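In: model the following, please.
(chains A and B)
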2 protein chains.
Amino acid sequence: MTQSPTLDALFAQRAQTVADSPGWAPEPEGSISLAYGFADPAHFPVNELVEATAEVLAEDVDGALNYGPTCAGLIKLVVNRLQHRGVNQADPSNVLISYGSSQILALLPQILVDPGDTVIVEGPCFIGAVRSFQAAGARIETVPVRDDGMDLDALATMLADLQSRGIQPKFIYVTPTYQNPTGTLMPPANRKRIVALAEQYGVLIVEDDAYGDLRFEGEPVTPIIAYDTKGWVINVGTFSKILAPGVRMAWACGPEAVIKRLAKFKFEGGSGPFITRLVERFAADGRLEAHIDELNGTYKRKRDLMVDTIRSEFPADVRFNVPMGGFFIYCYLPADMPAAELVQKGREHGVTFLPGMGCYANGQGTHEIRLAFSYQSDEKIVEGIRRLGAAMKALRTTV
Amino acid sequence: MTQSPTLDALFAQRAQTVADSPGWAPEPEGSISLAYGFADPAHFPVNELVEATAEVLAEDVDGALNYGPTCAGLIKLVVNRLQHRGVNQADPSNVLISYGSSQILALLPQILVDPGDTVIVEGPCFIGAVRSFQAAGARIETVPVRDDGMDLDALATMLADLQSRGIQPKFIYVTPTYQNPTGTLMPPANRKRIVALAEQYGVLIVEDDAYGDLRFEGEPVTPIIAYDTKGWVINVGTFSKILAPGVRMAWACGPEAVIKRLAKFKFEGGSGPFITRLVERFAADGRLEAHIDELNGTYKRKRDLMVDTIRSEFPADVRFNVPMGGFFIYCYLPADMPAAELVQKGREHGVTFLPGMGCYANGQGTHEIRLAFSYQSDEKIVEGIRRLGAAMKALRTTV
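Out: Numbers count the residues shown, from 1 in each chain, chains lettered A, B, ... in the order given. Below is the predicted model:
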């Protein structure tokens, strides 16, 4: 007797089981979301993008709309911007343009992680990246974040410990500049030290530089990759925060052996002649830098507004970081204010945010929350923080 | 003594070796290319795309430019178009929008092929797809193409033979409608038969429907997937030929278990709120269908022009297909006219084209060539065919 053939028998090993991708949760009606690191829609360069579309199509419609490679001018623009920030090794041969940095963060474990391999991340960090690493079968080790970013003493101890157990970690995922979610900034001496650790232990550093250009004050920040002379650092940047997330354009710069493999596993090839030309046209001739200056003025004002409102509305024993850039304020809650309960109480008060547990691979963060000041209007930032302050007080009364 | 750590030691198994992606070869100066299936740049809807950009951004700038999913309206539009062609099972739950059909054709072996697995293709066929399958470690079996498309007697024999040897092929890659490169059209009875074979042997069919809408004459064509009631067919379509390749938008429709896994392995998630809304806006309200009608008028005229010129310029013993749709005319050369030598002679005469060997996984096609009438202007089609006819005659004189 022949068995009826089944579709399930055809899937490759790696696709036998598959977790659903997380969707976009709708907000409750009338609620104010401080949850996501969305960009400020009031500052999207609408007219400029329409003009850029018209220009790109008028100039070379065949180049923009037929088959073709990623716009070489966009690669050059990324190279120039990186070199301007001290990344002397940046070159068209070691830069890859991608559909959002989420694509890079998902491709990296594809080329670096066999099931069971170890990847080191910060706790807390951008959990979307961790999910990509886990999807490739990575075992996650977490290093704490201090006021000056990743705790490098803890990292050094962990690397030595892993080595003593014969475990070769594949890469360290770190966001040194206006970290998501803590907003912390790693000082130059630590940037040098983490590169030295990477060299010593033969482990790559994946530097998530998503917020690197969103500087409100202080000296310009040199990315970790600029301190790397031996090819152990991959810098991942994005146009999402400095132009618009919806265009899905980002880049990776790093050792050519890594970039070539990323390109190979980026199955669809280039990132589209039309959209890459559109972003290049918008960004060229200093327009992107002027736009970033405008954004930083706006985001600084919003940060100040959120900080001021927190000071007047939150209980005094809620601690928080004042970041020098980026999108987020991170709060440390007192022992009687668990984040999970505050999420519930916040919903009742019409405000949502990200509980700290959503930023850790290891279940920590039970008394931490992330607040985004990037997306909401001034009025809603003030009202959202008022509601959250009221929720905190209500939670205490209940307890 | 500790060995110096090396980067190579960090790559995952699947990334240890990596072939370079083929680049875009520049054409010789002054040469006329009949090589690639590029779209006609004279018919790109430039004004419509600029208007659509303005509309999409004016209507909902936050939706278009912030983080967000693939435009639901575009998915619905694809579903409606498929249903209109008889694909009753098309539903938003089993359609995935991708960055070009090349992304789907590269993701499919990722979820279906373990190294050494067998995949069945047509000879000749679109070799870009074959390269994707091979990159995933597929062993390729080739079934010949007849005047009515894939030779199903040969396929049935092959399936029986593989089964007798205990080999389970993973999928059959077939382009039944205006096939690339032969332009052949598989009749309805054969479409039913290939579905029955897939069911019988428990093997998926990947139906490349890139040219399905480019019909110049004859009855509307029902895709293979419309004959599939048990979930063995994946239909892959694209906006590249009916709108513009440069927007990089395509789709797959098929069994939900396959589509869900494709979505999971499409690491970057959705296909971008901006570009998917832009394509939806251009295509909505019948505009895409009107545009396709216009394109088909143009491509039919170009096909006729190329056919007429071939008849007057090529030696009489060069046979060729007159396709009822699509982008290509496929020629069968006499024994004294090897394609490799004609490529060289063609270059000397200022014309390029694809030799048949570039369309086979198994080295056949030594006396076949593919000519694209889609891209060049009327004048260049005539001049290109004249030059190629002269090259053929020169080759004979030389021999």
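In: just the mean pLDDT for the lengthiest strand in chain A, thanks.
Out: Of all the elements of type strand in chain A, the one with the most residues (DSSP state E) is strand A:139-146. Strand A:139-146 shows a mean pLDDT of 98.
In: neighbouring strands - and their directions - for it?
Out: Sheet partners assigned to strand A:139-146 using DSSP bridges are listed as strand A:118-123 (parallel), strand A:149-150 (antiparallel).
In: residues from the stretch 151-300 of chain A in reach of chain B?
Out: For the stretch 151-300 of chain A, the contact set with chain B under Cβ under 8 Å from any Cβ of the partner chain comprises A:168, A:170-171, A:199, A:201-204, A:231-232, A:240, A:244-248, A:255, A:257-258, A:260-261, A:263-265, A:267-269, A:271-275. To be clear about C-beta, it is placed using only N, CA and C from the backbone, and glycine gets the same treatment.
In: so of the residues you listed, which ones are in strands?
Out: Per DSSP E, strands hold the following members of those: A:171, A:204.
In: among the residues of the stretch 151-300 of chain A next to chain B, name the buried ones.
Out: With neighbours counted by 16 or more other Cβ atoms under 10 Å in any protein chain shown, those contain buried members at A:170-171, A:199, A:201-204, A:231-232, A:240, A:244-248, A:255, A:257-258, A:260-261, A:263-265, A:267-269, A:271-275.
In: what about the strands in the stretch 201-350 of chain A?
Out: All strands of the stretch 201-350 of chain A, identified by DSSP state E, counting those that start in this stretch, fall at A:204-208, A:233-238, A:250-253, A:319-320, A:328-332.
In: looking at the ones you listed, which is nearest to residue A:42?
Out: Each of the strands of the stretch 201-350 of chain A was checked against residue A:42 via Cβ to Cβ, and the shortest separation belongs to strand A:328-332, namely 18.7 Å.
In: mind checking if the closest one is in reach of chain B?
Out: No. Using Cβ under 8 Å from any Cβ, strand A:328-332 never reaches chain B; the gap is at least 14.9 Å.
In: residues in contact with the closest residue to chain B within the stretch 201-350 of chain A?
Out: When scored by Cβ to the nearest Cβ, the stretch 201-350 of chain A has residue A:202 as its residue closest to chain B, at 2.0 Å. With contacts taken as Cβ atoms under 8 Å, 6 or more residues apart in numbering or on different chains, residue A:202 has the following neighbours: A:168, A:232, B:4-7, B:9-10.
In: turn these into CSV, including secondary structure.
Out: What follows is those, written out as CSV (DSSP: H, G, I helix; E, B strand; the rest coil):
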residue, secondary structure
A:168, coil
A:232, coil
B:4, coil
B:5, coil
B:6, coil
B:7, helix
B:9, helix
B:10, helix
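In: among those, who's most crowded?
Out: Across the contacts of residue A:202, the neighbour count under other Cβ atoms under 10 Å in any protein chain shown reaches its highest value at residue A:232, namely 28 neighbours.
In: skipping adjacent residues, who's closest to that residue in space?
Out: Distances taken as Cβ to Cβ, 6 or more residues apart in numbering or on different chains place residue A:198 nearest to residue A:232, at 4.2 Å, with adjacent residues excluded.
In: got a pLDDT number for that neighbour?
Out: Residue A:198 is assigned a pLDDT of 97 by the prediction.
In: burial count for it?
Out: The tally of other residues near residue A:198 (other Cβ under 10 Å) stands at 24.
In: that one contacts residue A:231, doesn't it?
Out: No. Using Cβ atoms under 8 Å, residue A:198 and residue A:231 do not qualify as a contacting pair, with a distance of 9.9 Å.
In: please parse chain A into its domains.
Out: By the assignment in automatic domain parsing, chain A contains the domains A:28-44+A:289-398, A:47-285.
In: looking at those domains, which is closest to residue B:93?
Out: Each of the domains of chain A has some distance to residue B:93 by Cβ to Cβ; the shortest is domain A:47-285, at 21.6 Å.
In: chain A: helices as residue ranges?
Out: A:46-59, A:61-65, A:72-84, A:101-112, A:127-135, A:152-164, A:188-201, A:256-265, A:273-283, A:287-313, A:339-348, A:378-398 (DSSP state H).
In: picking up where we left off before, take the strands of the stretch 201-350 of chain A and write them to TSV, including mean pLDDT.
Out: As requested, the strands of the stretch 201-350 of chain A are exported to TSV (pLDDT from 0 to 100):
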stretch	mean pLDDT
strand A:204-208	98
strand A:233-238	98
strand A:250-253	98
strand A:319-320	98
strand A:328-332	98
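In: a markdown table for the ones you listed, including distance to residue B:383?
Out: As requested, those are exported to a markdown table (distance: least, Cβ to Cβ, whole Å):
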| stretch | distance to residue B:383 |
| --- | --- |
| strand A:204-208 | 52 |
| strand A:233-238 | 46 |
| strand A:250-253 | 42 |
| strand A:319-320 | 71 |
| strand A:328-332 | 61 |
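In: to residue B:147, which of these lies closest?
Out: Between residue B:147 and these, the shortest separation by Cβ to Cβ is 47.7 Å, and it involves strand A:250-253.
In: and the longest strand of chain A, what's buried?
Out: Of the residues in strand A:139-146, those buried under the neighbour-count criterion (16+ other Cβ under 10 Å) are A:139-143, A:145.
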